[in-house]
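Visitor: Sharing a model that was predicted from the sequence below.
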Amino acid sequence: MREIDFLVIGGSAAGTTAAEVVRGSSPSATITIITDEKHEQYSRVLLPHYTRRKIQREQVFLKKPQWYQERKINLVKGTRVLSLDAKGHSVRDDRGNEYRYGKLLLAIGGDVIKLPVPGADLENVLYLRTIEDGDATIKYAGGAKKAVVVGGGFISLDFATSFRANGVEEITILIREPYFWANKLDRGSSKIIVDILGKNGVSVVAGEETAQILPKDSKDLAGEVVTKSGRRFDCDVVGVGIGIKSDLSWLADSGIKVDRAIVVNEFLETGVADVYAAGDCAQFHDLIFNTSHALGNWANATSQGKVAGENMAGGAKVPFETASSYSDSFFEGTYSFIGVTDAQFADEVITRGSFELGKMTRIYIKTIGSVMRIVGASVINHPMEVGPLTSIIKGKVDVSSHKEQLANTSFDLRGLISS
Amino acid sequence: MKKWKITVDRDLCIGAASCVALAMKTFALDSENKAVVMEGEGDPPDLVKLAAESCPTKAIILVDEETGKQEYP
């Protein structure tokens, strides 16, 4: 049995930031981070840069062992926590160790959803979540001529760009939806992305769901993807990006409320004494939008880690209130998502830009209280709009008198920030 | 109190915006969706350090104004 004042499960953005913040205000407390990864903190954001060969492997790492030593933060690597006894304030790991905690932070992120078809366990069927996934991508993309990517979202864009950067000649993305990224984008925004993919020799085949992956002669490697409609696609490598999900089954008997993720209030408290959650695994009460949701991006995870750390360390309680965004690039295109981009949540969505212009911003409008606000935006190839929109969303600006102008691309959004 | 000379490496910055989320009086996004350092008093030095360390591409460079020594990364 080990006694720890502050126990953090998860060693990525939220967990590491929380541990550092706790250390800042509690110089003599014991702090332990348990991570199921074998490494010090690294940047998932940099994985696509690594797999595109833009940076070296060691550049992906954010922290060295000295960083933890200097702050007296004990990092337990390669260990998975299996159970939580919230009443007894203890957890048990897969090595049989038991830890008693004063305060506990759950910052366990998510695991990739595996393709549930025969052949999905072949060696060159790849995912992109961990540094080991990045290593495998470079290993199997190098020398491959044909690639198949399964799924329509940002991981597919990362795979397509990475495969091309590693010399793959023919890249086909298979999506079961009617158009690319249908769960996040409208057809117009999607068309701009698919057009850029096409110009770079990447084809998107819609309405095709993978049924099985057949091995090559060597047996251990995928050689062909077969869809439910019977179409067959030759491949030397397969990339899969169909989403992530936190494994929360081990919390089932803990008393902690789980919905789509671990439910917490605006202080990131679970409601079970001394247990907090932050990052991708936290479904939090969002004060900006007056809704409960989980977000999976780096800025959200780090800023929640900070708030969780402050609240765990004690003193005046701090609510979490940040409008975060996610941005990335693929080939010569860029995209960003800010705030809540859910048409069901919004009252109205305004389109700004067009396929002909090659750029499109979609602005999600909702009246909350009595104020007509922008609650979210998707921004394709229009990076200059991200900063102003983030400020407008965060500032809860009343846009009612400018609503008609939002669709006009010559209307400068910065004019709304100070109004 | 420590004073930072803050620079952002624009080639590394990808607009992940964790610095803006943590230290909003110090960092903002510009017209290329890259972080820039704002004029004025800004945030406490500890918070700026946390914001720099939160950057997923290590694009924020902190130099102690008094000693001239680079302290991050």
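Guide: Yes, it's here.

Visitor: The longest helix anywhere in chain A - contacts with which helices or strands?
Guide: The single longest helix within chain A, with elements called by DSSP state H, is helix A:298-313. Judged by 3 or more Cβ pairs under 8 Å, 6 or more residues apart in numbering or on different chains; DSSP states H and E, helix A:298-313 is in contact with helix A:13-25, strand A:98-106, strand A:275-277, strand A:325-330, helix B:18-22. C-betas here are computed from N, CA, C, even on glycine.

Visitor: Name the residues of chain B found near chain A, please.
Guide: Listed as neighbours of chain A in chain B under the rule Cβ under 8 Å from any Cβ of the partner chain: B:14-18, B:20-22, B:28-33, B:46, B:50, B:53-54, B:56-58.

Visitor: Out of these, which end up buried?
Guide: B:14-18, B:20-22, B:28-30, B:33, B:50, B:53-54, B:56-58 (16 or more other Cβ atoms under 10 Å in any protein chain shown).

Visitor: I'd like to know which of these are part of helices.
Guide: Judged by DSSP H, the subset of these located in helices is B:18, B:20-22, B:50, B:53-54.

Visitor: want to try a markdown table for the residues you listed, with pLDDT as columns?
Guide: Output for those, formatted as a markdown table (pLDDT from 0 to 100):
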| residue | pLDDT |
| --- | --- |
| B:18 | 91 |
| B:20 | 89 |
| B:21 | 87 |
| B:22 | 90 |
| B:50 | 92 |
| B:53 | 92 |
| B:54 | 92 |
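
Visitor: among those residues, which two are most distant?
Guide: Greatest spatial distance in those: B:20 and B:53, 14.6 Å, computed using Cβ to Cβ.

Visitor: all strands for the stretch 201-350 of chain A, in order.
Guide: For the stretch 201-350 of chain A, the strands defined by DSSP state E, counting those that start in this stretch occupy A:202-205, A:210-215, A:222-227, A:232-234, A:237-240, A:244-245, A:262-264, A:275-277, A:282-286, A:291-294, A:325-330, A:333-339, A:348-354.

Visitor: Report how many residues lie close to the closest residue to residue B:71 other than its chain neighbours.
Guide: Ranked by Cβ to Cβ, 6 or more residues apart in numbering or on different chains and with sequence neighbours excluded, the top spatial neighbour of residue B:71 is residue B:62, at 5.2 Å. Neighbours of residue B:62 under the rule other Cβ atoms under 10 Å in any protein chain shown: 21.

Visitor: you'd agree residue B:62 is up against residue B:55?
Guide: No: Residue B:62 is beyond contact range of residue B:55, at 10.6 Å (criterion: Cβ atoms under 8 Å).

Visitor: What's the end-to-end length of stretch A:380-387?
Guide: Using Cα to Cα, to the nearest Å, one end of stretch A:380-387 lies 14 Å from the other.

Visitor: How many residues are close by residue A:240?
Guide: 23.

Visitor: mind listing what it touches?
Guide: Residues in contact with residue A:240, defined by Cβ atoms under 8 Å, 6 or more residues apart in numbering or on different chains, are A:112, A:114-115, A:120, A:125-127, A:149-151, A:155.

Visitor: Quick one: buried ones out of these?
Guide: By neighbour count, with 16+ other Cβ under 10 Å, those hold A:112, A:115, A:120, A:125-127, A:149-151, A:155 as buried.

Visitor: show me the contacts for the spatially closest residue to residue A:21 that is not a sequence neighbour.
Guide: Leaving aside its sequence neighbours, residue A:21 sits nearest to residue A:309 (Cβ to Cβ, 6+ apart; 2.9 Å). When contacts are counted by Cβ under 8 Å, 6+ apart, residue A:309 touches A:17-22, A:24, A:105.

Visitor: I'd like to know which of those are buried.
Guide: A:17-22, A:105.

Visitor: With residue A:139 as the reference, measure out to residue A:240.
Guide: Per Cβ to Cβ, to the nearest Å, residue A:240 is found 16 Å from residue A:139.

Visitor: typo on my end, it should be residue A:246
Guide: As for residue A:246, its distance to residue A:139 is 28 Å (criterion: Cβ to Cβ).

Visitor: Please apply the same query to residue B:47.
Guide: Here residue B:47 is placed at a distance of 41 Å from residue A:139 (Cβ to Cβ).

Visitor: How about residue A:351?
Guide: With Cβ to Cβ as the criterion, residue A:351 and residue A:139 are 42 Å apart.

Visitor: and residue A:246 and residue A:139? which has more neighbours close in?
Guide: Neighbour count, other Cβ under 10 Å: between residue A:246 and residue A:139, residue A:246 has more, with 24 against 14.

Visitor: Spell out which parts of chain A neighbour chain B.
Guide: With Cβ under 8 Å from any Cβ as the criterion, chain A meets chain B at residues A:13, A:17, A:20-21, A:24, A:43-46, A:49, A:59, A:62, A:297-300, A:302-303, A:306, A:322, A:324-329, A:334, A:336, A:383-384, A:386-387, A:390.

Visitor: repeat that with 7 Å
Guide: For chain A, the residues in contact with chain B (Cβ under 7 Å from any Cβ of the partner chain) are A:17, A:20, A:24, A:43, A:45-46, A:62, A:298-299, A:302-303, A:306, A:322, A:324-325, A:327-328, A:336, A:383-384, A:386-387, A:390.

Visitor: And the pLDDT for residue A:252?
Guide: As summarised for this prediction, residue A:252 has a pLDDT of 91.

Visitor: count of neighbours near it?
Guide: Using other Cβ under 10 Å, residue A:252 has 11 other residues around it.

Visitor: hey, where'd the helices end up in chain A?
Guide: Taking DSSP H, the helices of chain A run over residues A:13-25, A:47-51, A:65-70, A:131-141, A:154-165, A:187-199, A:298-313, A:386-394.

Visitor: Please report how far the residue lying farthest from the centre of chain A lies from chain B.
Guide: Using Cα atoms, centre = their mean, the residue of chain A lying farthest from its centre is residue A:217. It sits 36.1 Å away. According to Cβ to the nearest Cβ, to the nearest Å, residue A:217 stands 41 Å off from chain B.
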